[in-house]
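> Coordinates for the following, if possible.
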Amino acid sequence: MIEIWLVRHGETTANAESVWQGQGDASLSARGEEQARLLGARLAEHSFDLVVASDLERTMATAAAAGLTAEPSPSFRELDLGRWEGLTQAEVVSRYPDELRALMTGEDLPIGGGESWGGFCARVDSAVEALVARLRDGQRALVITHGGLIGAYLSGLLRFRARRRPWPVEHPHNTALTVIVAEDAARRVRVLNDATHLGAPSAGALDTVIGLARHGESEANLHDVWHGVTDGPLSARGLQQGAELAFRYDSVDHVYTSHLQRARLTAAAFAAGRAVEPTVRPDLYEIDFGAWEGLTTAEIQERFPDEWAATHEGGLDLPRGKTGETVAGAAARLRLAVEEIAAAHPRERVLVFTHGGIIRAVVGSVIGLGPATRVLFDGPANASVTHLRVGERGTSVVDYNLGGA
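So this is what the prediction gives:
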């Protein structure tokens, strides 16, 4: 297994002025320099076998401010925007309406006379695969690069590259990190758009941010026992994780929790000392695993070999354990709950304590992945948080599995 950590550069003066920035150079803003320093403090906890950066000024400056020595690579440059470079979106619309209209209808033209979207995506995919080929099993690489490049790579991996905007996954934040796991031919997301060193995402004027927190480690987790609707206690470690999440997570307006005790106890530990009281909602429970409940993975594979092969090898979304839920059905249940909670708390931040399987399922539902979600995303870690943004334009994935790296 190989890990590729993709990090967007710190805020630049161009970002601060909301102008389009491709392969032109702009300096980091004062805020961007501080973001890079905070990134460096966070990355100091990890070791990397290779550190690479786009050879543009803003990425090399981010690496330097983070205390990193990076190998410069033009392969990880941002999209070449040609004559659109340095313009605002309004200026692009005003000066190049025909070109913009053609691009919006799907024509793969050189953007601003620079790089075409298809050519850019081919370069991005090739750059990541070339990097993987340089590493051995068990190694980890860090890449300081650009938001457009990270977004383009994710759009291919998560199968929404050909869709019209807005995309279901938000653009990477400055200095946010995304962790990609490469294992044989498979590629999957472990962590997405993690900028917790800068604080949790905030709600906007027209939306609500819903954090989906997985409960702390349970005794069933410790022993690889499948507990969906089955209740069970937290482990000694799990009892601590809610308080640890409270320490690293900033303000929140409301807290909701599944009725199962592993979620309730984690929510209670998080809320202790805060001016919020967790509200129990009975529709926030884990996927119902039917006859698989209470069994280990090995026991499920032995007793239900055909069902296991159909769901975990054949990609069919059957009711789990014959009498349980489909993953799509569970995701629809949680998504409806999230939308109802958002409607009750407009323009606020809400933290919902729920369960790992259904968090991954609802993220896949928002993106539109279906059964492929299981192979394209790692399961969220205990006491990790995943954020969704719910607003007038629908629901989007802000980040995934914060605390899982």
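> Find the nearest non-adjacent residue to the residue located most distally from the centre of the chain, please.
Distance to the chain centre peaks in the chain at Arg95, reaching 35.1 Å (criterion: Cα atoms, centre = their mean). Once flanking residues are discounted, Arg95 sits nearest to Leu87: 7.2 Å by Cβ to Cβ, 6 or more residues apart in numbering. All C-beta atoms are positioned from the backbone trio N, CA, C, and that covers glycine.
> Pull the distance from the lowest-mean-pLDDT helix or strand in the chain to the chain's centre.
None of the helices or strands of the chain scores lower by mean pLDDT, DSSP states H and E than helix 97-104, at a mean of 84. Relative to the chain's own centre, helix 97-104 is displaced by 30 Å; criterion: Cα atoms, centre = their mean, to the nearest Å.
> quick one: Gly112 from Gly368, how far?
30 Å (Cβ to Cβ, to the nearest Å).
> Which one of the two is surrounded by more residues?
Higher neighbour count among Gly112 and Gly368: Gly112, with 22 against 13, using other Cβ atoms under 10 Å.
> Does Arg83 belong to a helix, a strand or coil?
Three-state call for Arg83 (DSSP: H, G, I helix; E, B strand; the rest coil): helix.
> so what's the residue lying closest to it once chain neighbours are set aside up against?
Distance criterion Cβ to Cβ, 6+ apart; nearest residue to Arg83, sequence neighbours excluded, is Gly112 at 4.5 Å. Contacts for Gly112 (Cβ atoms under 8 Å, 6 or more residues apart in numbering) come out as 22, 81-85, 92, 96, 99.
> Among those, the buried ones, what's the PyMOL command?
Here is the PyMOL command that picks out the buried ones among the contacts of Gly112, judged by 16 or more other Cβ atoms under 10 Å:
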select buried, resi 22+81+84+85+92+96+99
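> need the contacts of Gly112 in CSV with distance to Arg237, can you?
CSV is the format used below for the contacts of Gly112 (distance: Cβ to Cβ, whole Å):
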residue, distance to Arg237
Gly22, 46
Leu81, 48
Gly82, 53
Arg83, 56
Trp84, 51
Glu85, 51
Val92, 52
Tyr96, 56
Glu99, 56
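> Just name the closest of the contacts of Gly112 to Gly228, please.
Gly22 (47.2 Å; Cβ to Cβ).
> Name the helix or strand for Arg190, please.
Element membership for Arg190 (DSSP states H and E) is strand 186-194.
> In PDB, could you pull the C-alpha coordinates for that strand?
Extracted C-alpha coordinates of strand 186-194, given in PDB (Å, rounded to 0.1, in the frame of the first residue of the first chain):
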ATOM      1  CA  ALA A 186      -6.900   0.200  -6.900                       C
ATOM      2  CA  ARG A 187      -7.000   3.900  -5.900                       C
ATOM      3  CA  ARG A 188      -9.200   5.200  -3.100                       C
ATOM      4  CA  VAL A 189      -9.700   8.200  -0.900                       C
ATOM      5  CA  ARG A 190      -8.800   8.000   2.800                       C
ATOM      6  CA  VAL A 191      -9.100  11.600   3.700                       C
ATOM      7  CA  LEU A 192     -10.600  14.500   1.600                       C
ATOM      8  CA  ASN A 193     -10.000  18.200   1.900                       C
ATOM      9  CA  ASP A 194      -8.800  18.200   5.500                       C
END
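> Output the contacting helices and strands for it.
Counting by 3 or more Cβ pairs under 8 Å, 6 or more residues apart in numbering; DSSP states H and E, the packing neighbours recorded for strand 186-194 are helix 147-157, strand 177-183, helix 373-376.
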